[in-house]
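A.B. asks: here are the coordinates; sequence isn't available:
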Ligand SMILES: [Cu+2]
């Protein structure tokens, strides 16, 4: 299965703690790999196995108190 490269916009990150939280949140989801969170650009890059995993990632980031949206 080829994983899909994804970039999400993430609002609400103001410091390294925030980006670290988003990083850990994404790394804790099965089916998501190669996570890179860019605090300055307010973006999160990762590979997702399926689009369901992308939805899960957005949901988990929002649960953590940030605001994620896809960059279609
Ligand atoms: Cu912070």
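C.D. replies: In hand now; what should we look at? These figures come from a predicted structure and were not determined experimentally. Numbers count the residues shown, from 1 in each chain.
A.B. asks: what does this structure put close to the ion?
C.D. replies: Within the chain, the positions near the ion by CB under 5 Å from the ion are 14, 15, 17, 18. In short, each C-beta sits where N, CA and C put it, glycine included.
A.B. asks: ok, residue 43 to the ion distance?
C.D. replies: Distance of residue 43 to the ion, given as CB to the ion, to the nearest Å: 16 Å.
A.B. asks: quick one: what helix or strand has the residue lying closest to that residue once chain neighbours are set aside in it?
C.D. replies: Using CB to CB, 6 or more residues apart in numbering and skipping residues adjacent in sequence, the residue nearest residue 43 is residue 7, 5.6 Å away. Secondary structure assignment for residue 7, by DSSP states H and E: strand 4-11.
A.B. asks: count the residues that sit near residue 15.
C.D. replies: Neighbour count of residue 15, defined by other CB atoms under 10 Å: 9.
A.B. asks: give the contact list for it.
C.D. replies: Residue 15 is in contact with residue 39, counting by CB atoms under 8 Å, 6 or more residues apart in numbering.
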